[in-house]
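>>> Coordinates only, no sequence provided:
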C-alpha cells in the first residue's frame, strides 16, 4: 500500500530524524577502520604505473633501461590484456586500459610494473624509456572548438544537446532589456584525503577479486568483464573503507582495478596499487571546466521572457562521464526560475588533458555559477535588487522548468529567501558596509545564490538502473541491509540503517549493513547523483516492509508489534522456513514522461531547493577575498539525521569556498603542474568561515519518510553567492573562478581591462 | 642502505626494531609495527593525516626519519582509547560528526590532543590554529570544532 | 644516515668528507625532497636534538638562538615574544603546529628560500649569524649571509651555529605582514617586515626587509634611504612606494606573479608608514 505523501511524511518517527551515531564510527575514531592501504595480503606485491609524458602522439617504442634487474619485475603492457582494451562505462567506450599505439593525454598509463619491494618501483618506472612521435594536441575547449586539430571523433564533440522550450527567438523584440554575460569555471580536484588504491587477486578457478577505495563496485565489476573476458560470477568487487570520494572515485577505480588485475593475473599473486599524492593529482579526474554564455530577455520589471544559453565543457581526452555531466549542466543552467522560452545549446569538447570526471554537483555547480552570476547582472540592468529579481522569477508549484516539468511538490523559495536574508542580517549589513566601505581598506559585501538540484538519475536513468535492494533478518531478529551503495563519509551506512530500523520497528542497534561485495549484495546502483537517500533509501524502506509482510503472511506478526515480537517472529520463521530475506526492485513512478531526444519532460522525480548568502571581505591591500560568514538554507524533504545532514552541507560549502577562491589547477601542456598539496590550495581550518545551516522540510512522496537528496546541493551555491558578494563589496563583476587575489589585483589596477575572453565559437 | 637499531615506546609499549635510518617514521609505524591507524595523505607534511605525538609534541610522521625517533615516546591514535574504552575526545568526535570518511580523523585527534595539552580551554581562534595543519575535505571543519569544544566542556565537568 | 652524539662529532664528519654529507635537522624540507626523489643516495648527518645547537639564551646584550631551535621554541620564548615580536609572529606563520615543532631556524636559513618567513624579521633586527666548522667559528651580519638564489657563504664542512639579535635598541613601531595563498600552511607570496621610530615629526630610523621580492631575503635599502630624516607627507610616502618598486625584483612562479608581489609589497609598505606616522609625537591631522 503506497501511502500518500502527506501521511508518509507526517508520520512521527523515532529513529529517522535523530542523530543516530555513525554506524562505522567507532573504527574511525580508534584507528581500527581499515582502508585499502592498511590491508596486507600474504605474498602481495606492489604495482606502479609508467605514464605518458606527452599530450598526444604515437607510441613508437618502449625500452627497459640499464641498471634495473628487470627479471625481478612483472611487466604488463596493452599486449597482455586478455579481451578488450577498453573501459566500459556509460556511453562511448573509448578509453583504453593501457595506451597501445596512441597516447591522448599526459599521464596516460602505458606500462605497469610490479615488485615485491615497494621502494624499488620508483627507480624502475623512471628507467622505462618510451619513444613518441608527437602529434598536434589541444589544451583548452577554445582550441578544441576551432577544430583545427581533430583529436576525438570527427569534430572533437564528445556530446551535444539542444534543449528547447517555447520560442526564444520570437521574444527579443518585445524585451525591455537584453542582458548578456559569459562565465567561466575552472577545473577542480576532488582532493579526497585518501588517494586512489586497490588490491587485486587472481586465480584461474575463481577469477578476479578486487578490493578497493571506490564509490561503485558494480561499475568496476562491469568494466572488468569486458577487459578480462570473464562471466559475471568470475569477478568479485568489494568496497573497503573509503577515505573520501566526492565523485573522484566513481569511474576512475575501474582503471586502477584493471591495472592491478592485469598485474595480478600475470604475477599470479595479489597486487596492491596505491597512488601517492603527486600521481593521484596529475593522473586522475577533475571537475569539468565550463563556459556558460547567457543572452536573456527581460521585461521592465525584470521578469524573464527568454533565455538563450550556451554551455560548453572541456571533457579531456576520453568521453567517460562527459555526456552525463553535460546533461546535468544543461538542465540546471536556467536555475530555479520560471521562463516560458528557453534554449540551451551545449557541447562537451575533447582536449588532450586527462579525462575530466565526476565531482559533487556533476555539471550543476558549473552552470549554476553562470545563471546565479547572471541574475545579479539582470538586476543591475533593470535597476532592482538581487533579491527582487529572484522573487519575481522563482518557480512555483504548477509552473514548469526548462524541460517542461511541472513542479508538483510544494516549494517555498519565497519564504526561504526571506529567512535567508533575515538570518544573515543581509539588509543591515549592506547598509553598514556601504558606509564603511567608503573609508575602510577592507571592503565588505553580501551575495545571494538561489538554486535547486535534481535528486537521482536524469529522466529515464533510474528506470534503466532498475536498482535492487535486499534485506535479511537472522534468527535473533537482527536485520542486515544489502545494497551496493557505499559509505565514504556522507553517511550511507547510518541513514540506510536508520530507515530500515524505523520501517521494521526495531532498535537502530539491531540493524547492520553488509559490506558492498558484488558477490553478496544486489546492484542498488552507483553511489552518485544524490540518489542514495531518496531512491535507495525508499527501496530500503520498502524492503523492510516486504520483510515484515513475509512474517505477517505466516501469521507470525500482527499489524502492530513490539521489537521483542519481531525477534520472536524471526526466530520462528527461520526455524520453520529457512532464511528470512526480502528483495525489492525500483519501479519508476506512474506518469513519468521523459524524451531523451528533445530533452523534455520530467528530468528528476524531485528537487532539493536552496538559498545561500555569503558575506565577504576584500582586502584592497592584498586583493584577497575571504568569506567571513556563510548562511546555507535548504529544503530537503526530510532530514534523516540532523548531524550528518548538517555535516554534508558544511562540507559542501567548504568545497564551494575552495572552488570560488582558492583551488586552481595550473595546466602546462595538458598536465597539472601544481600537483602537490603545497601548491593546490584547499581551505584549512583557519580559512573556513562560520557556516550556519538551516533545514526546511516539505513533503516529498518519493523518498523514505519524505527525504530528498542533499549530497551535491551544497556545492552548487557557494561560488556564485561569493562572487556576487565580491561584486557587492568592490563594484566589480568577476565572471571567472577560481578568483585569486592576482585576478582581483589586475582588475582593480585597471578597471578598463576586459577579462581575458576566449575567442568566440564559430 | 645501512640498517639501524631503533628503540622507542609507542603507546606505552617499548619496541626495538631494525630499519633503514632514513625510513619514514610513518612507514615504520604502519609496516613494521602494523599500526595502520596513522595515515598517509600527501607525503609532504601538508595534510597532517600522519600526525603523531613524539615526546608529547605534534609532528608529521611522514617527515621524521626513524633514526630521529630513537628513544622517543610516541603516541598514535591506537593509544588514545583506554583498553577499548573511548576517551572523551573520541566519544565527542563520534557524537558530533567530527568524523565523516575518517581518513583525517586519527591525525586530527592527535592535533586536538596536542592542542588541549597546551591550552586547557582554547578559544575558537586557537582551535582553528591548532588544527590548521590537518586538512579535512569532508566536514568543512565546523563539526570538528564542535567536537573539540564538547570534549573540553565535558572534561571540565568531570574534573570538578 | 648517521646521528652523531655531539656537534664536534658532526663537524669532524663534515670536515673529513666535504660535500659527501648533507646535514638534516627537523627534516621538514629535506624529507619532502627525499620523497620526491630529489635527494636520492645522499648521506645524511642528523643534527636533530643536539643540545649545542638547540637553545635560546639571553644575555644583557643579545639573545642567541641556536640553529637547532624550532619555530615552536622561538614562539614559546618570553624574551623573543616581548622584544622581538616580529620573529615570534613569523615563526607562528610558518606552516602549522606540526611543522613548527620540527622546523628549525638554522634549517630555514640554510635552505635559503627567498620566501622564508623568518629572515625578514632577522634582517630588520640586524641579526648576526654565527657559523661553525671543525676549524672554528666566525660571525657576520646576517645580511651578508645570502649571496644569490639558494647560495650562501657557507663553506664546505660549515654549519650555522646560532643567530644573535642585539637587545639594545627597541624601536617603537614594529610591523610584519605575510601574504600567502591561505591563512595557514602557506608559502609566502610576499612578506614585509619593518621597524621604525619618529622624532620631531621626521623618520628617525627605519629598517625594512622583504621575502619574495628578490632572489634573497633582503633589506630594502633604497626605500629606507628615501624615508630617513623625512616627514611622512604624501609625497614622501609616494616616493617610498616608487623606491620599493624600483628595488623589488620579484618573479612569476607557480604561486603568484611578479606584478602582484611588487604592488602588494608597496601596499604593505604604505600600511606600515601609516602606523609609523600615527606614532609620531606630532601627529598629523
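Thanks, I have it. Every value quoted in this text rests on a predicted model; they were computed, and no experiment measured them.
>>> CA atoms for contacts and neighbours, from now on please.
Will do.
>>> Count the neighbours of residue A:67 for me.
Other residues lying near residue A:67 total 9 when counted by other CA atoms under 10 Å in any protein chain shown.
>>> ok, now the one 10 residues further on?
Burial of residue A:77 is recorded as 20 neighbouring residues (other CA under 10 Å).
>>> just residue A:548 next, same as before
As a burial measure, the neighbour count of residue A:548 was computed by other CA under 10 Å and equals 25.
>>> Around chain B, pick out the residues from the stretch 101-250 of chain A.
If contact is defined as CA under 8 Å from any CA of the partner chain, the residues of the stretch 101-250 of chain A in contact with chain B are A:191-195, A:242-244.
>>> Which two among those are spaced furthest apart?
By the measure CA to CA, A:191 and A:242 form the most distant pair in these, at 13.0 Å.
>>> quick one: which of the two has more around it?
Counted by other CA under 10 Å, residue A:191 and residue A:242 do not tie: residue A:242 has more neighbours, with 28 against 23.
>>> which residues in chain B form strands?
In chain B, the strands defined using DSSP state E lie at B:4-10, B:13-19, B:51-54, B:57-60, B:73-75.
>>> For the residues of the stretch 101-250 of chain A next to chain B, which entry has the maximal number of neighbours?
With neighbours set by other CA under 10 Å, the maximum within these is found at residue A:244, which has 30 neighbours.
>>> Let me see the contact set for it.
Taking CA atoms under 8 Å, 6 or more residues apart in numbering or on different chains as the criterion, residue A:244 is in contact with A:192-194, A:488-489, B:101, B:103, B:137-138.
>>> Check for me that it belongs to a helix.
No. For residue A:244, which was evaluated using DSSP: H, G, I helix; E, B strand; the rest coil, the result is coil, with no helix membership.
>>> Put together JSON lines for the contacts of residue A:244, with pLDDT and distance to chain C on each row.
Below are those laid out as JSON lines (pLDDT from 0 to 100; distance: CA to the nearest CA, whole Å):
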{"residue": "A:192", "pLDDT": "98", "distance to chain C": "18"}
{"residue": "A:193", "pLDDT": "98", "distance to chain C": "16"}
{"residue": "A:194", "pLDDT": "98", "distance to chain C": "18"}
{"residue": "A:488", "pLDDT": "98", "distance to chain C": "26"}
{"residue": "A:489", "pLDDT": "98", "distance to chain C": "25"}
{"residue": "B:101", "pLDDT": "98", "distance to chain C": "22"}
{"residue": "B:103", "pLDDT": "98", "distance to chain C": "18"}
{"residue": "B:137", "pLDDT": "98", "distance to chain C": "15"}
{"residue": "B:138", "pLDDT": "98", "distance to chain C": "19"}
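>>> Residue 270: neighbouring residues, count only.
Picked chain A for this. 25.
>>> Chain C, not that one
The tally of other residues near residue C:270 (other CA under 10 Å) stands at 17.
>>> most centrally placed residue in chain B?
To find the centre residue of chain B, average its C-alpha atoms and take the closest one (CA atoms, centre = their mean): that gives residue B:110, at 2.8 Å.
>>> Tell me how many other residues crowd the residue nearest to that residue when sequence neighbours are not counted.
The shortest distance from residue B:110 to any non-neighbouring residue, by CA to CA, 6 or more residues apart in numbering or on different chains, is to residue B:52 (6.0 Å). Residue B:52: 30 surrounding residues under other CA under 10 Å.
>>> Quick check: residue B:52 touching residue B:72?
No. Contact status for residue B:52 versus residue B:72: not in contact, 11.8 Å apart, counting by CA atoms under 8 Å.
>>> got any ranges where chain A has weak pLDDT?
Chain A contains residues with pLDDT under 70 at A:1-10, A:751-762.
>>> From chain B, how far off is residue C:83?
Relative to chain B, residue C:83 is positioned 23 Å away (criterion: CA to the nearest CA, to the nearest Å).
>>> residue contacts, that residue?
When the contact criterion is CA under 8 Å, 6+ apart, the partners of residue C:83 are C:167, C:170.
>>> From residue C:165, how far off is it?
10 Å (CA to CA, to the nearest Å).
>>> Would you mind listing the outside residues contacting stretch B:79-88?
Outside of stretch B:79-88, the residues that reach it under the criterion CA under 8 Å, 6+ apart are A:30, B:10-12, B:90, B:151, B:154-155.
>>> hmm, 10 Å instead?
Residues outside stretch B:79-88 that contact it (CA atoms under 10 Å, 6 or more residues apart in numbering or on different chains) are A:26, A:29-31, B:10-13, B:37, B:78, B:89-92, B:94, B:106, B:109-110, B:113, B:147-148, B:150-152, B:154-155.
>>> What subset of those residues is buried?
For the contacts of stretch B:79-88, burial is judged from neighbour counts taken by 16 or more other CA atoms under 10 Å in any protein chain shown, and it is met by A:26, A:29-31, B:10, B:37, B:78, B:89-92, B:94, B:106, B:109-110, B:113, B:147-148, B:150-152.
>>> Take the residues you listed and keep only those in helices.
Among the buried ones among the contacts of stretch B:79-88, the residues falling in helices (DSSP state H) are A:26, A:29-30, B:89-92, B:94, B:106, B:109-110, B:113, B:147-148, B:150-152.
>>> list the residues that contact both of residue C:83 and residue C:165?
Both residue C:83 and residue C:165 are contacted by C:63, C:125, under the criterion CA under 10 Å, 6+ apart.
>>> Centroid-nearest residue for chain C?
Chain C has residue C:119 as the residue nearest its centroid, 0.8 Å off, counting by CA atoms, centre = their mean.
>>> how much space between it and residue A:136?
Computed with CA to CA, the distance linking residue C:119 and residue A:136 is 46 Å.
>>> is it true that the residue nearest to the centre of chain B touches residue B:61?
No. Contact status for residue B:110 versus residue B:61: not in contact, 11.7 Å apart, counting by CA atoms under 10 Å.
>>> what's the overlap in contacts for these two?
A shared contact of residue B:110 and residue B:61, defined by CA under 10 Å, 6+ apart, is any residue touching both; here these are B:38, B:48-53.
>>> Let me know the closest of those residues to chain A.
Distance to chain A, by CA to the nearest CA, is smallest for residue B:38 among the shared contacts of residue B:110 and residue B:61, at 7.2 Å.
>>> Correct me if wrong: the closest one contacts residue B:52.
Yes. Taking CA under 10 Å as the contact criterion, residue B:38 and residue B:52 are neighbours in contact, 7.5 Å apart.
>>> what about chain B, any weak spots by pLDDT?
Going by pLDDT under 70, which is the cut-off in play, chain B has low-confidence ranges at B:1, B:156-160.
>>> Please list all residues in contact with the residue of it found nearest chain C.
Closest to chain C within chain B is residue B:59: 4.5 Å, counting by CA to the nearest CA. Under the criterion of CA under 10 Å, 6+ apart, the contact list for residue B:59 reads B:45, B:48, B:50-53, B:107, B:110-111, B:114, C:26, C:28, C:97-102.
>>> returning to what we had before: next, the contact list for the residue nearest to the centre of chain B, please.
Neighbouring residues of residue B:110 by CA under 10 Å, 6+ apart: B:38, B:48-53, B:57-59, B:75-77, B:80, B:89, B:116, B:131, B:134.
>>> Swap in 7 Å and give it another go.
Contact analysis of residue B:110 by CA atoms under 7 Å, 6 or more residues apart in numbering or on different chains lists B:51-53, B:77.
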